[in-house]
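Student: Using only what follows, build the 3D model:
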Amino acid sequence: MTVELLLVLGLLAVVIVLFSIGKPRLDVVALLAIVAFPLTGLLTVPETLAGFADPNVLLIAALFVVGEGLSRTGVTYKLGDWLAARAGSNRTKLVMLLMVTVAGLGAVMSSTGVVAIFIPVVMSLSKRLGMSPRQLMMPLSMAALISGMLTLIATAPNLVVDAELKRQGEAGFGFFSVTPFGIMVLVLGVGYVLLMQRFLGDDESDEQGGSRDSFGDLLSRYGIEQQAGRYRVETRSPLIGMSVERVDFGETTSFVLGVERKRFWRSATLLTEPDTRIKRGDALVVNFAPTSDVLDRLGLNFIGESDYVFDDHSRQLGMIEIVVPPESRIVGKRVDELRLDSKYGVTVLGLRQSGHEIAEGFADRKLKAGAMMLVAGDWNAIRRIRQVAREFVPMALPAEGDEIAPAASRAPLALASVALMIVLMVTGIVPNVIAALIAALLMGLFRAIDMPSAYRSIHWPTLVLIAGMLPFAQALEQTGGIDLAVDGLVSAFGGAGPHALLAVLFAATALIGLFVSNTATAVLMAPIAIAMAHTMGLSPYPFAMVVMLAASSAFVTPVSSPVNTLVMEPGRYRFSDFVRFGGPFTLVIMLVSVVTVPIFLPF
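Tutor: Below is the predicted model of the structure:
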């Protein structure tokens, strides 16, 4: 073992440890690796930065844009409505339709985005059917992960493996090469869920709401009353001339929902813009009652209460749920440190964390991965936070937000763009990256998405992670690390036959995926799998396919994939729930892969 190989393995070990503990962020770790390679002399600067020139990086960026176009045109929300209508009161039918719909949608857009859209939909359905979200959230995350096995573009690891095949002179996979296996896994997944669903438990104390819920449903889930106090601004109030966003009640849980102002030509209105200037005689609508000392200091006089203030002013005042993903930089920060009011013009109404709602006194709570917050503001601010914010995942809009869908009329054109992209990829008329770029450009041409939204939709940390991990494959190859790993595996298991090697390869990929992102796992395992096939004198395709399937089998822990983390809090799951439910199914997929992959892709 050479000094250079020891350096590469040491660097890889450091990266895996940092990935495992989650600090710093995954993309930052990847950037640190990019810096380390030239400094250690393992790779030249052009070799280190070659990942940014990989066509799949641009392809993934274009797919983010296409997925955002589907969201902005309301296509994804319509699917949720269709699911609710078709399922009716049949629980078995609901599980089947949910998993098939989520898997199908995730085959052409980000699975994380699909889960973010469907979490509130599922909670609404579970409430209507008298079910606990625990029985539906796990199937939701499983279907989203299985979606990565349905098409070549469904998940980044597939593209990474395909790119490695082409880099080594092979033809690569077709658009639907993985589909037969994905369909089998999906069918098994539906059956597995229906059989094992009862073991998820049934916590009837859960309060459900949903993306198609009303404001009242959302407020109820967070333990917030719809009633709000109305306070008249007196003549000598220091608030006169001050903007709404600068009003300080001395309590972070109290804030101005709006301003009622009587005008000559029309009745009182509710102004919600943060820069609205307060005038004498205005009535401030405040969510939580300030103390009498605060009222005296601000020159406010209580004049009554306003029932259903959100419902009454839903055309101006909006709200949305946001979830803190595991890689977010705000994990560990207090709610009052986020400054969402100054950044985005929204205010936190309530917090759900560790299975409990926290409507008051949450300002000094430190946020955990998977925490959910309910924020409110004018609809422009709600749209802005959905488009701009990168620290958290915004949920689907409540039912009151349907009227403000930015590009609902463009839904047919958006669907046509996606259909054209799929046709181009399947036929191979143009390279996949060109097909995705054509679809993204058509989304812009048809005004399904604008340029600012397109750039904001791209999840840059994912692209940096891929580009930063790709040099590891080249470094391991140049220093003999891949040959060493292949020789060890072949020596240990080669005598048992190629099927045994596939099983070992699947197990190794799935095991590494417990601690490292599935994209990084694919980067590391794809060259080993292909080299193993060449060493044995076998076709590389079954080995590459097994890596793709194993990389998407991240069912065992809540940190294996962002989709698992997102459903953990709404489903009230514990770490052990994922191990008990996902572990056996991972073994099922391994068995199916070892048996069926060589049938479709002979050795």
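
Student: any idea how far the nearest residue to Ala550 once chain neighbours are set aside lies from Leu502?
Tutor: Using Cβ to Cβ, 6 or more residues apart in numbering and skipping the chain neighbours, the partner closest in space to Ala550 is Thr509 (3.6 Å). All C-beta spots, glycine's among them, are computed from the backbone N, C-alpha and C. Using Cβ to Cβ, to the nearest Å, Thr509 is found at 11 Å from Leu502.

Student: who touches both of these two?
Tutor: The contact sets of Thr509 and Leu502 overlap at Val546 (Cβ atoms under 8 Å, 6 or more residues apart in numbering).

Student: For the residue nearest to Ala550, grab phi and psi.
Tutor: phi -60, psi -50 (degrees, to the nearest 10).

Student: Check the spacing between it and Ala520 real quick.
Tutor: 11 Å.

Student: Contact partners for the residue nearest to Ala550?
Tutor: Thr521, Ala522, Met525, Val546, Val547, Ala550, Ala551.

Student: Could you dump the residues you listed into a markdown table and include distance to Gly488?
Tutor: Listed next are the contacts of Thr509 as a markdown table, based on distance: Cβ to Cβ, whole Å:
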| residue | distance to Gly488 |
| --- | --- |
| Thr521 | 18 |
| Ala522 | 20 |
| Met525 | 14 |
| Val546 | 18 |
| Val547 | 17 |
| Ala550 | 19 |
| Ala551 | 21 |
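
Student: Between which two of the residues you listed is the distance greatest?
Tutor: Spatial extent of these (Cβ to Cβ) is set by the pair Thr521 and Val546 at 12.5 Å.

Student: Which neighbouring elements make contact with the longest helix seen in the chain?
Tutor: If you go by DSSP state H, the chain has its longest helix at helix 575-600. With contacts taken as 3 or more Cβ pairs under 8 Å, 6 or more residues apart in numbering; DSSP states H and E, helix 575-600 sits against helix 134-146, helix 179-196, helix 498-512, helix 540-551.

Student: can you list these in TSV and add distance to Gly258 and mean pLDDT?
Tutor: TSV is the format used below for the helices and strands packed on helix 575-600 (distance: least, Cβ to Cβ, whole Å; pLDDT from 0 to 100):
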stretch	distance to Gly258	mean pLDDT
helix 134-146	34	88
helix 179-196	45	92
helix 498-512	52	88
helix 540-551	49	93
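
Student: closest one to Pro38 among the ones you listed?
Tutor: It's helix 498-512; of the helices and strands packed on helix 575-600, that one is closest to Pro38 (Cβ to Cβ) at 25.7 Å.

Student: Would you mind getting the angle between whichever helix or strand comes after that closest one and helix 498-512?
Tutor: Under the assignment DSSP states H and E, the closest C-terminal helix or strand after helix 498-512 is helix 518-536. Interaxial angle, helix 518-536 versus helix 498-512 (axes from the mean of the first three to the mean of the last three Cα atoms, to 10 degrees): 160 degrees.

Student: quick one: secondary structure of Met373?
Tutor: Following DSSP: H, G, I helix; E, B strand; the rest coil, Met373 is assigned to strand.

Student: got a list of what it touches?
Tutor: Glu321, Ile322, Val324, Val335, Val348, Leu349, Gly350, Leu351, Arg352, Phe392.

Student: so which of the contacts of Thr509 would you say is closest to Leu437?
Tutor: Nearest to Leu437 out of the contacts of Thr509 is Ala522 (Cβ to Cβ; 22.8 Å).

Student: hang on, that closest one packs against Leu549?
Tutor: No: contact criterion Cβ atoms under 8 Å: Ala522 and Leu549 do not qualify, at 10.9 Å.

Student: Give the residue from those two that has the larger number of neighbours.
Tutor: Legend: neighbour count by other Cβ atoms under 10 Å for Ala522 and Leu549, higher for Ala522 (33 against 27).

Student: Tally up the residues packed near the closest residue to that one other than its chain neighbours, please.
Tutor: The shortest distance from Ala522 to any non-neighbouring residue, by Cβ to Cβ, 6+ apart, is to Pro157 (3.6 Å). Using other Cβ under 10 Å, Pro157 has 28 other residues around it.

Student: and Pro157, how far is that from Leu470?
Tutor: 13 Å.

Student: Same question for Met395.
Tutor: 33 Å.

Student: Tell me how this protein divides into domains.
Tutor: Domains of the chain are assigned by automatic domain parsing as 3-42+461-600, 63-156+169-208+410-459, 227-307, 317-395.
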